[in-house]
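Undergrad: Predicted model follows, preceded by the sequence.
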Amino acid sequence: MDAVGAGADNRGVGPDPPERAPLARLAEEQAALRRVATLVARGAPPEEVFAAVAEQVGQLLPVNSATMCRYEPDATLTFVAHWGRAVARFPVGTRKTLGGHNLGTLVFETGRPARIDRYDGSSSGALSIVVREAELRSAVGTPIIVDGRLWGLIAAGSSLEQPLPPDAETRLVSFTELVATAVANAESRAAVAGLAEEQAALRRVATLVARATPPEEVFAAVAGEVGGLLEVDFAVLIRSDPEDMITVVGAWTATGGAAPSPLGSRFELGGRNVSTLTLRTGRPARLDAYVDVTGNIGNTGAHDWGFRSSVGVPISVEGRPWGLILVAYSRDQHLPADTEERLASFTELIATAIANTESRASLARLAEEQAALRRVATLVAQGVPAVEIFSAVSDEAARLFGARAAVLRFEHDDPAVVFVGVSENLKIPAGTRWEFQPGMASTQVYRTGRSARVDAMDWLSARGPVAGAARRLGIVSTVGSPIVVEGRLWGAMTVASADDLLPLGTEGRLEKFTELLATAIANAESRSELAASRWRIVAASDQARRRIERDLHDGTQQRLVSLALAARTAEADAAAGQGDPGAELSRIAAGLADAAAELQEVSRGIHPAILSERGLGPALRALARRSAVPVDLKVATTARFSDPVEVAAYYVASEALANAMKHAQASYIEMSLATCDGRLLLSVRDDGVGGADPARGSGLAGLADRVEALGGSIDVHSAAEAGTHITVDLPLELRCRGALVSRRGGFLGDTRFDHA
């Protein structure tokens, strides 16, 4: 290497005087080596040993500078010790790229001693700047071979015009052979000491894990142990998630101050920075120059943290990528070349500690979640009103997540959310209604139907009740999960934190509560629908009873009373020998016949005779013939079914035709009846104005109760100006009553009834 530096004067520079015998030089060399060996034996740090080697070489040879360098795996060379000129210009840790014509490259390429007797401007490469700064005229360098590998070199240079003595390489070679032993011993001692330090650090971390210490404390301890062990300025433990985001979960600084980015800070992965390089490749990564970093996390490291050199090593926990450990210098110095290796060996045990910690935390969370879910499930099973369940769930979630929680119901006609359940620590009254606004987690849930997260929301420039409430409550992180009830998006449950960002995995944990909420809501709605159905059945029964009473009172009853009076009058006339008894009896007989006909009409209104006698197909044809609107009827079966099935289908058809005639302003109706896979399918479609809604009191509501009670379903599609289409699906119970039954279920008839 182009020897580095010279002293403040030229003391010791120049040829050895003739009277100095080789024996004297050997004695000096041996004394120098003993001094170095003494340092090694005392367990001096490697950097102290290296500095002593450089100084002894500089004192032994007639030079102005002596430098000890280490070759790195990435074809660079690192200054590990300096003596003489330009020490301040090239401090320990300075790294230069190999290449060009210079001493460092010559030794690296040949593995043998090298010499340059005159620097006349031919020196080139990144190392040539050392020659210029030290004003060197000649230099020699010899390789340091440690355990059979080229470890580095020792270089010595002179600023005098005459070249270094011819035996300079020989003397340097004999010196470096002993230096190699000292280096090997120093590295061995350092490795043993480093291993002991690592083991002690890991024991301290393992002790925390065994004590069931909270994960955040374990992560902080890991960062602190790594930072102290590697003697860096920063150590950061970072966790990744599948959404290409990373979260700071542990941080340590050499000054003991707070990290510029607080725990829980989240950054988007991307750009050129150590975190992205490490996680994208799954291998260790290094940046020794923070002049061209990009990406959110890269800019934060360069500007907020002040990184100048950094190394990241990935962490895999139980075979899956978990995150990385990052260490950095804020000083103008490169991290040691073995940083990746030392950090990688440490992260293997870090992963075990993380796995154990997360396992304990997961079990504890699971126990808490199960207890909370059991309490809520008990309320659901007891049939507690939904509003009480919503409040209970909100309180349980608030305690479990250490946050504020709410159950929100979505309104679809005029999109908005309504707070139907709030935790005690959320100062928003139940019943509060908010329109959807950008930045709300519930807005994202409403649009996507999936869980959503909004972190570090900036409400300072936003307006409206949502922004005002967020500023007042100090919300910094919100997670929302959808509540899906029987296939439809009913609402959302949200948790919000005013302290730290909600941890990763909150979405999945919250979804367990929303599943239970969906069950509670479905049960509550089913009970409500059952109560409404029972009320409709009672009302329909009362209405039918009153109609029968009215028909009997106004018709048949009056006629029978009149006939009874006529019979008594005829009896009296006959006793008195007056009138014409035969004519009176004929009139009474005719009246009785009329009364019988009226009773038959009333009974047909309850259950048509044609339905009982001939079956559903003929009954539908009778309905079609009586319709004032033309009906295109297709009957694909002549089979007989159980009475409840036939009656339900008949009344749906009757109600559908009546609605089409009275309300839909239809000009044409299509009706079909068929069987498929053990089901009876009825379809009625008109070309009317549409807009029918069974929920608003239509007669179909009561029929739906009848159909659903049989295990069937009824669907009504009635968009405005698009007509109405009613479909009924009923389970079949085939009965042969002497009627022809189609065994193939083929299409048996197509009848059209037109009326003026």
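TA: The structure has been received and is ready for your questions. As the structure is a computational prediction, the values presented were derived from the model and not from experiment.
Undergrad: quick one, helices of the stretch 1-150 of the chain?
TA: 22-41, 46-60, 103-110, 128-134 (DSSP state H, counting those that start in this stretch).
Undergrad: should've said the stretch 451-600 of the chain
TA: 464-473, 506-551, 558-576, 581-606.
Undergrad: how much space between W151 and M68?
TA: Counting by Cβ to Cβ, to the nearest Å, the gap between W151 and M68 amounts to 10 Å. Yep, even glycine has a C-beta here, placed from its N, CA and C like the rest.
Undergrad: With respect to Y119, which of the helices of the stretch 1-150 of the chain lies nearest?
TA: helix 128-134 (5.4 Å; Cβ to Cβ).
Undergrad: just so I know, which of the helices of the stretch 1-150 of the chain lies nearest G323?
TA: Comparing these by Cβ to Cβ, helix 46-60 comes nearest, at 31.1 Å.
Undergrad: Check which helices and strands that closest one is in contact with.
TA: In terms of contacts (3 or more Cβ pairs under 8 Å, 6 or more residues apart in numbering; DSSP states H and E), helix 46-60 is packed against helix 22-41, strand 65-71, strand 76-84, strand 149-158, helix 168-210.
Undergrad: Could you check that helix and say which residues are buried?
TA: P46, V49, F50, A51, A52, V53, A54, E55, Q56, V57, G58, L60 (16 or more other Cβ atoms under 10 Å).
Undergrad: What residue, apart from its backbone neighbours, is nearest the fourth one spatially?
TA: Once flanking residues are discounted, A51 sits nearest to A81: 4.8 Å by Cβ to Cβ, 6 or more residues apart in numbering.
Undergrad: For beta bridges, what are the partners of the one you found?
TA: On the basis of DSSP bridges, A81 is bridged to M68.
Undergrad: how close does it get to G141?
TA: When distance is defined by Cβ to Cβ, A81 is 14 Å away from G141.
Undergrad: Number of residues surrounding the spatially closest residue to G93 that is not a sequence neighbour?
TA: With sequence-adjacent residues excluded and distances taken as Cβ to Cβ, 6+ apart, G93 is closest to Q333, at 4.0 Å. Counted with other Cβ atoms under 10 Å, the neighbours of Q333 add up to 16.
Undergrad: you'd agree Q333 is up against F90?
TA: No. With contacts counted by Cβ atoms under 8 Å, Q333 stays clear of F90, the gap being 11.4 Å.
Undergrad: still on that earlier bit, what touches both of W151 and M68?
TA: By Cβ atoms under 8 Å, 6 or more residues apart in numbering, W151 and M68 have these common neighbours: I144.
Undergrad: Could I get the contacting residues of S672?
TA: Here S672 is in contact with L633, K634, V635, A636, L681, L682, S683 (criterion: Cβ under 8 Å, 6+ apart).
Undergrad: Just name the closest of these to I714, please.
TA: Looking across the contacts of S672 and measuring by Cβ to Cβ, the closest to I714 is L682, at 9.0 Å.
Undergrad: hmm, back to that, in CSV: the buried residues of helix 46-60, plus pLDDT and distance to E135.
TA: Shown next, in CSV, are the buried residues of helix 46-60 (pLDDT from 0 to 100; distance: Cβ to Cβ, whole Å):
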residue, pLDDT, distance to E135
P46, 75, 30
V49, 82, 28
F50, 85, 24
A51, 87, 23
A52, 87, 25
V53, 85, 23
A54, 87, 19
E55, 88, 20
Q56, 86, 23
V57, 84, 19
G58, 85, 16
L60, 83, 21
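Undergrad: Which of the residues you listed sits closest to T478?
TA: Nearest member of the buried residues of helix 46-60 to T478, counting by Cβ to Cβ, is P46, at 51.7 Å.
Undergrad: surely that closest one meets E187?
TA: Yes. Assessed by Cβ under 8 Å, P46 is found in contact with E187 at 6.6 Å.
Undergrad: What separation do you get for T637 and Y71?
TA: 92 Å.
Undergrad: which is the next helix or strand following the strand or helix carrying V393?
TA: Applying DSSP states H and E as the criterion places V393 in helix 386-401. Using DSSP H and E, the helix or strand that follows helix 386-401 in sequence is strand 404-411.
Undergrad: Now do that next one: everything it contacts.
TA: Contacts for strand 404-411 (Cβ under 8 Å, 6+ apart): 390, 393-395, 397-398, 416-423, 425-426, 428, 433, 442, 446, 473, 475, 480, 483, 489-498, 517.
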